[in-house]
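> using only what follows, build the 3D model:
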Amino acid sequence: MDRMRRPIAYGLAGLLVLLQIPLWFGSGGLIAMWQLKHEIGQQQVENRKLRERNRALEAEVVDLKQGYEAIEARARHELGMIRRNETYYRIVTPPAPVSRH
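Model prediction:
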């Protein structure tokens, strides 16, 4: 009788292992779930960065719509514009000499 139980027990153990494979390695398995959680965490970090960037851009748009100073500052900084009757001085530093060793 013991000889019949042993193969059945091995067969059941093998079946249990086969049933566990999709649980661990399948498309809806635990490993896939852990990977998705990791990807979600990365996406949340990226979303936070983009939200901060959007807030800064929104504030800049509001400044540009409301204030002449913001437009003037941006034109001066990005385009190098100057006002009438202003004198513009450009200071150029010479390049560092090349050392020859």
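
> counting neighbours, what do you get for Arg76?
13 (other C-beta atoms under 10 Å). Yep, even glycine has a C-beta here, placed from its N, CA and C like the rest.

> return the list of helices and strands in contact with the host helix or strand of His77.
Here His77, judged by DSSP states H and E, is contained in helix 68-79. The contact analysis (3 or more C-beta pairs under 8 Å, 6 or more residues apart in numbering; DSSP states H and E) places helix 68-79 against helix 30-66.

> and the helix it packs on with helix 68-79, angle?
110 degrees (axes from the mean of the first three to the mean of the last three C-alpha atoms, to 10 degrees).

> check which helices and strands helix 30-66 sits against.
Looks like helix 30-66 contacts helix 2-25, helix 68-79 (3+ C-beta pairs under 8 Å, 6+ apart).

> quick one: contacts of the helix holding His77?
By C-beta atoms under 8 Å, 6 or more residues apart in numbering, the surrounding residues in contact with helix 68-79 are 60, 63-64, 81-82.

> out of those residues, who has the most neighbours?
Asp63 (14 neighbours).

> pLDDT at the closest residue to that residue other than its chain neighbours, what is it?
Spatial nearest neighbour of Asp63, excluding adjacent residues (C-beta to C-beta, 6 or more residues apart in numbering): Ala70 at 3.9 Å. Ala70 carries a pLDDT value of 75.

> just give me the neighbour total for Ala70.
Neighbourhood size, Ala70 [other C-beta under 10 Å]: 16.

> now Gly14: how far from Arg5?
Relative to Arg5, Gly14 is positioned 15 Å away (C-beta to C-beta, to the nearest Å).

> also Glu69?
Glu69 sits 89 Å away from Arg5, going by C-beta to C-beta.

> most neighbours per residue, which of the helices and strands packed on helix 30-66?
helix 68-79 (a mean of 11; mean count of other C-beta atoms under 10 Å).
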